[in-house]
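Visitor: just the structure for this:
(chains A, B and C)
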Amino acid sequence: MEYFLELILGGLTRGSIYALIALGYTMVYGIIQLINFAHGEIYMIGAFTALIFTSVLTLLGFNEIAVIVLASLAAVIYSSAYGYTVEKIAYMPLRRASRLSPLISAIGMSIFLQNYVLLAQTSDFLPFPNLIPEFEFIKPYRHIISSPEIVILITTSTAMILLTFLIKFTRTGKAMRATAQDRNMAMLVGVNVNRVISITFVIGSALAALGGVLIASHVGQINFYIGFVAGIKAFTAAVLGGIGSIPGAVLGALVLGLTESFATGYVSSDYEDVFAFGLLVLILIFKPAGILGRVTARKV
Amino acid sequence: MKSGFRKQLISLAVVILYGFFLISCGESEKTADAPHKSAETIKLGVAGAHSGDLASYGVPSVRAAEIVVRDINAKGGILGRRVELLIEDDVCKPEIATNTATKLVTEDVDVVLGHICSGATKAALGIYKDSKIIIMSPSCTNPALTQSGDYPNFFRTIASDDVQARLEVDFAIDILKVKKIAVLHDKGDYGKGLAEFAKKYLKASDKAELVLYEGVTPGAVDYSAVVQKIKHSGAEAVIFGGYHPEASKIIGQMRKKGMETVFISDDGVKDNTFIKVAGEYAEGVYATGPLDTSNNPMAIAAIEAHKNTYGSEPGAFFLNAYSASLCLLNAIQKAGSTNYDAVSKALRTEYVDTPLGKISFDEHGDAIGVGFCMYQVHNGVYVEVK
Amino acid sequence: MIKAQEIKKSFLVSLWFMFLTFPIMVIRVNPIEKFVEWRWKNMLVVGIGSFLLSFVWRYMLKKKEAGEKRAETGESGKTFLIQRILEERRFYIPLVTGLTIIAVAFPFIFSMYQTSIMTTALMYIVLGLGLNIVVGLAGLLDLGYVAFYAVGAYSYALLNYHFGLGFWSVLPIGAVLGFIFGVLLGFPVLRLQGDYLAIVTLGFGEIIRLVLENWNEFSFGPSGIANIDRPGFFGIQFSLQTASIYLYFLMIGLVIFTIIVVNRLQNSRIGRAWIALREDETACQAMGIDKTRTKLRAFALGATWAGMVGVIFAAKTTFINPASFTFLESAMILSIVVLGGMGSILGVIIGALILILLPEYLRAFSDYRMLLFGAIMVIMMVFRPQGIIANIRRTYKFNE
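Guide: Modelled structure (predicted):
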C-alpha cells in the first residue's frame, strides 16, 4: 500500500511538471493552431537563467530567500522575453502561411536555441543548487514524499488556479478565448489579436520557466538538452488531454505522469515510454479529440 | 519581359557554374597537394563527438591530441616529418561517422585516434578496415570490438566492459558482501552492454541474488518511480551501467528519500563532473575506472599541459586519448613508415611509456597493462579502494 | 535614405536583444568553483549585430509583403525562375542533359567523401518524396515516418545476419514490410485529424524505436548490428571505393524511379483523390471517394519508400542501432518536404540537397554549424513560407 502511495505521489509530481510545460503548448495551440516545438527550449532557458542568477546573487552575498525569489523571478521574466521574441521572429511573419510552415520554423528555432545555449554556456551538465529548503515537518515521511515534491505540487496547483482565474474572469482572458474561437471575428470586434498572441506566449513561457526552475532544483542538474524530452512529453500530455483545452492539459499531464509511474513501478521502466505512448494511442482511438477535447460538429 | 527572363537565366547559370568551379577547385587543390603533402606530414585523424550532447566525451581527446602533437612537432616531428591533425566531428551518430571516416580516408589519413562512442566506431570501422587504416579509441569499451576478431585494425587504450562488470560484481559480492543486488542501465549501447555482463555474472554466482534489472529512460525529468522500485525490491546495492548525468539524478533521488543503498557504477561515472554535479550525494559512491595513474609523472605533466593550454581541468578519457596518441605516433616511429602492417606489428610488440603506464597491445587490440580498479568518492574526490 | 525613425527602431531592437542575451551570453558561471566570468564583449557584438540585422530583416519582410500583395492583386504574373525554365522546352532539355552529365560524372570527378555524402542526400530525396505522398499530397501530418525507415533497415540487418540474405533479395522484402507496417499503423489512426494524427504517429515512431532498444533477443538492443554486407552485384563484392560509387548509382536509379512513380501517382486517380482529401475531406467524401482507403493508400505507399531506403541505409553504413531512428530524424525529413515546397517533386529534391549537404559543408564552421542550420531553417521559412518551389496546381482556365 505504501508502495502504491509512493508511486501515486511520484507520478503526480512528474505530472505537475509536465502540466506546467503542457499549458504553454496547449495555450499557443488553442490560439494559433501551432505546435510550438521551441517551447521545451524556453523551459531550458528558464532553468539556465535561474542557475546563472542564483550563482551571481549568491556571490554578491544576498540571503537565501532573496536568491530564490530573485532568481525565479529572473527566470520567469527572461523566459517570457524569449517566448515573446521567438514568436515575433519565427511565427508572426507566418500568420497567413500554411500550417506546416510555422511548425518547421519552430523546429529550426528549437535547434537554434539549443546550440545557442551550448555555445554561449557549456555542453557539460551543471549542478543546480537546491533552491527548495528541506522542511523539518516532512523529514519523518521523506521516504514517501520529499519537500521538493510538495513544493512542486503546491506551486503547480497555485499556478493552475491563477491561470484559470485569468482566463475565466479577466478582460485579457476573454480576449484570449475570443481569439481562440475565431481570430477574424475577434479582430472585428476590436480585439488586438497580435497583442493577445504575444500575451499567450508570455504566459506560456512564464509557466515553462517555473517548471524549469522547479525540476532543475529537484533533480539538481541541467544542460542545454533537457528541454527536448520534457517538451515532447508535455506535448504528448497536451494532446492526451485534448489540445487547446487548459484543464485538459493538466489532466493529460497528470494521467501521463501517473501512467509512467505505474508502468515503471509494476511492469518495467524499460517500457515506460511505450506505455505512455501506447496509452495516448488508445485514448485517441476511442476519444479522437483527447480526454477533454470536444469533437466539434462542423457545418458544411 | 523576355530579355529580363533571359538575364535571370544567365545569372543563374553563372551562379551554378561558379559554385561547381568553387567545389571542384577545392577538390583539385586537395588532390594535387595530397601526394606532395603526405611525404611531408604524418596525418593523425581525430574523430569523435565534438559537438552535440556527448561533446564532453569527445572534446578532451581532441585536446589531448593537440597537446601531444604540439610537443612532438616542437621536437622536430616523427621520422623527420611533421604531424598534422585532421579533426572531424561525428556527433556519436553511426550514419555521420561513416561520412567522417570516408572524409578522413579521402584526405589520406595515416592513423586515426577515435572514435568516441562504440556505435559510431562500429559503423566507421568497416571503412577504415577496407582502407587499411589503424584506429585507436580512447573510450570504446564494447567487448565485441576486439574480441570478435573482426577488426584487426582496431586498438584501444581502455579495458573492455566485461572486465569492468566482472570487477563490479566481484567487488559487491566478495568485498561488500551484499546479498541482494539491483542492476540498472541507461538503455544505451555502453550502459546496457555493461549491465548485461553484470547480470550474467550475478546469475552465475550463488552468493548474491539479482533482485531487479531495469533500464531507465535517459533524460527523463525524474527517476522517482525507479527509485521507489529499488527500495521496494530490497536491494542492498545498485550496479548502474551508464553515464554520469543519469547516475547523479538517481543517486540524488535515492539519498533524498533517505535510502542508504550502496551505489556501484562504471567509468562513465568515474568522472569529476559526477562529483561536482551530484555534490554531497556523491559521497560513498563506488565506481570502477582505469588504474590510478595520478602519481605517474607523465600523467601529471599531461594534466599540467592541459591546464596551461586550455585553462581548465581535462575532461573524460583525456589520459587515454593522450596515451593513444603517443602509442600511435611511437609505433610509426618504430615502424619507420606509416605502412599498415609495420605499424600494427610495432603496436603489438613495442612497449610505450604513457600516462597510463607502460603499455602494449595484444593480438586482439586490447591494451596490455591497462586495467580497472575500484574507486570510492571520499570527501569529494575519487580514491582508490585498496 | 534611412529615416531617423528606422534608426530608432533598430536601436530599440538592439537594446532588446542586449537585454535578452545578457544572462546567457554575458555571464558564464562556474557553479563548482563559485566563479563568474563576465563577457561584456559579447554584449557589444550582439548589440551591433542585431542593430544591423534588424535593417536587413525589415527590408526583407517588406519585400516579401510587397510580393504577397502583388500576388493577391494578380498584378504580375512573375513566377519563380525555375518553374519557368521547366515550362519552356528549349531550356528544359539542355538543363536536364546537363544535370544528367553532372550526375553521371560526379563520383569520378569528386572524392569518395563527396560521393558518400551525395549518396546520403539522395537517400533523403527518396525519403522526402515518400513522405511527400503522405504530407504533401494527402495532407496527413506524419511525425513518425522514421519508424518505417527503421523497419526497412532492421529487416535487412536481421535477414542478413540470420539467413545471410543479400541486398537485392531484401530490397523488395523491405519495401513490402514497409507497406505492411504502413497499413498496420495506418488503421488505428485514420479516425484522427490534423495534429492528433501527428502526435499518434510520433508515438508510434517512438514505440518502434523503444522496442528495438529494449528487445535484446530480437534486435540486439542498443548495441546494434554490425558487419552488414554492402550490396553486391551478382555475387561480386566490391572494394570500398567501387562500392560507394556503386551505391551512388543505385541511389540515382532509385531516385529516378521514385520521381517517375510519384509523378505518375500525382496525376492518377489516386493522386487526385489525395489532393481532394487534403483540400476538403467532406467534399471529397461527397464525391464518392472512399476516405479510409485513400488515406491508407497514402500511408502505405509512403511507408514503402521508407522501407526501401531503410534497406539501403543499412547496406551503406554496414552498422545500425536504434539511435539512428529518433524523432529528430522524422523532423528532418518533414523539414525537407516543407522547406522544399509541399507537393512539389523538384522542391523536395532541392530541400533534401540543402538540408543534408548543408551541415556537411558547414563543417568548416565546426561549432557553429548546427546554430547556423537552425537559423537558416527559420529564415527560409519566414521568407519563403510556401517552400523553395511552391507547388503549382493544375489549373484549367476558361477563355472565351
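Visitor: and residue A:20, what is it in contact with?
Guide: A:156, A:159, A:207, A:208, A:210, A:211, A:214 (C-beta atoms under 8 Å, 6 or more residues apart in numbering or on different chains). Any C-beta I mention is one placed from the backbone N, CA and C, and that applies to glycine too.
Visitor: and the furthest pair within those?
Guide: Among the contacts of residue A:20, the pair separated by the greatest distance (C-beta to C-beta) is A:156 and A:208, at 12.2 Å.
Visitor: neighbour count for these two, which is higher?
Guide: residue A:208 (35 against 26; other C-beta atoms under 10 Å in any protein chain shown).
Visitor: list the buried ones in the helix or strand hosting the more buried one?
Guide: With secondary structure defined by DSSP states H and E, residue A:208 is part of helix A:193-219. By neighbour count on 16 or more other C-beta atoms under 10 Å in any protein chain shown, the buried set for helix A:193-219 is A:193, A:196-219.
Visitor: still on that earlier bit, as CSV, the contacts of residue A:20 with distance to residue C:342 and pLDDT would be great.
Guide: CSV is the format used below for the contacts of residue A:20 (distance: C-beta to C-beta, whole Å; pLDDT from 0 to 100):
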residue, distance to residue C:342, pLDDT
A:156, 39, 88
A:159, 38, 89
A:207, 33, 92
A:208, 30, 92
A:210, 37, 91
A:211, 34, 89
A:214, 40, 89
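Visitor: what count of nearby residues applies to the residue nearest to residue A:241 when sequence neighbours are not counted?
Guide: In this structure, residue A:241 finds its nearest non-sequential neighbour in residue A:252, 2.6 Å apart by C-beta to C-beta, 6 or more residues apart in numbering or on different chains. Using other C-beta under 10 Å, residue A:252 has 31 neighbouring residues.
Visitor: looking at this, residue C:389 is in a helix?
Guide: No - counting by DSSP: H, G, I helix; E, B strand; the rest coil, residue C:389 is located in no helix; its state is coil.
Visitor: so it makes contact with residue C:342?
Guide: No - the pair residue C:389 and residue C:342 fails to qualify as a contact (C-beta atoms under 8 Å) at a distance of 9.9 Å.
Visitor: can you classify residue B:116 by secondary structure?
Guide: coil.
Visitor: excluding chain neighbours, what is closest to it?
Guide: Here the residue nearest residue B:116, using C-beta to C-beta, 6+ apart, is residue B:48, at 3.5 Å.
Visitor: so how far is chain A from that neighbour?
Guide: Residue B:48 sits 13 Å away from chain A, going by C-beta to the nearest C-beta, to the nearest Å.
Visitor: could I get the phi/psi values of that residue?
Guide: phi 160, psi -170 (degrees, to the nearest 10).
Visitor: that one: neighbour count?
Guide: For residue B:48, the count of nearby residues is 34 (other C-beta under 10 Å).
Visitor: could you give the bridge partners of it?
Guide: As for beta bridges, residue B:48 partners with residue B:89 under DSSP bridges.
Visitor: surely it is in contact with residue B:57?
Guide: Yes - between residue B:48 and residue B:57 a contact is recorded at 7.4 Å, counting by C-beta under 8 Å.
Visitor: now do the shared contacts for these two.
Guide: B:92, B:116, B:117, B:139.
Visitor: now these as JSON lines including distance to residue A:182 and pLDDT?
Guide: JSON lines is the format used below for the shared contacts of residue B:48 and residue B:57 (distance: C-beta to C-beta, whole Å; pLDDT from 0 to 100):
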{"residue": "B:92", "distance to residue A:182": "48", "pLDDT": "82"}
{"residue": "B:116", "distance to residue A:182": "54", "pLDDT": "88"}
{"residue": "B:117", "distance to residue A:182": "51", "pLDDT": "84"}
{"residue": "B:139", "distance to residue A:182": "58", "pLDDT": "86"}
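Visitor: and which of these is nearest chain C?
Guide: Distance to chain C across those (C-beta to the nearest C-beta) is lowest for residue B:92, with 8.1 Å.
Visitor: all strands of chain C, in order?
Guide: Using DSSP state E, the strands of chain C run over C:27-30, C:35-38.
Visitor: output those in JSON lines; the columns should cover distance to chain B.
Guide: Output for those, formatted as JSON lines (distance: least, C-beta to the nearest C-beta, whole Å):
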{"stretch": "strand C:27-30", "distance to chain B": "9"}
{"stretch": "strand C:35-38", "distance to chain B": "11"}
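Visitor: to residue C:125, which of these lies closest?
Guide: Here strand C:27-30 is closest among the strands of chain C (C-beta to C-beta), at 41.7 Å.
Visitor: list the buried ones in the lengthiest helix in chain A?
Guide: Ranked by residue count, the top helix of chain A under DSSP state H comes out as helix A:2-32. Going by neighbour count (16+ other C-beta under 10 Å), the buried part of helix A:2-32 is A:6-32.
Visitor: ditto for stretch C:276-287
Guide: Going by 16+ other C-beta under 10 Å, stretch C:276-287 has these buried residues: C:276, C:277, C:278, C:281, C:284.
Visitor: over to stretch B:335-352?
Guide: Those would be B:335, B:338, B:340, B:343, B:344, B:346, B:347, B:348, B:350, B:352, for stretch B:335-352 by 16+ other C-beta under 10 Å.
Visitor: mind exporting that stretch as PDB, just the C-alpha atoms?
Guide: Extracted as PDB, the C-alpha positions of stretch B:335-352 are listed here (Å, rounded to 0.1, in the frame of the first residue of the first chain):
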ATOM      1  CA  ALA B 335      58.000   1.100 -37.800                       C
ATOM      2  CA  GLY B 336      59.900   3.700 -39.800                       C
ATOM      3  CA  SER B 337      56.900   4.300 -42.000                       C
ATOM      4  CA  THR B 338      53.100   4.600 -42.000                       C
ATOM      5  CA  ASN B 339      52.800   1.200 -43.600                       C
ATOM      6  CA  TYR B 340      49.800  -0.700 -42.100                       C
ATOM      7  CA  ASP B 341      51.500  -4.000 -41.400                       C
ATOM      8  CA  ALA B 342      54.600  -2.400 -40.000                       C
ATOM      9  CA  VAL B 343      52.700  -0.100 -37.700                       C
ATOM     10  CA  SER B 344      50.300  -2.700 -36.400                       C
ATOM     11  CA  LYS B 345      53.300  -5.000 -35.700                       C
ATOM     12  CA  ALA B 346      55.100  -2.200 -33.800                       C
ATOM     13  CA  LEU B 347      51.900  -1.600 -31.800                       C
ATOM     14  CA  ARG B 348      51.800  -5.200 -30.800                       C
ATOM     15  CA  THR B 349      55.500  -5.600 -29.900                       C
ATOM     16  CA  GLU B 350      56.700  -2.300 -28.600                       C
ATOM     17  CA  TYR B 351      56.100  -1.100 -25.000                       C
ATOM     18  CA  VAL B 352      55.400   2.600 -24.700                       C
END
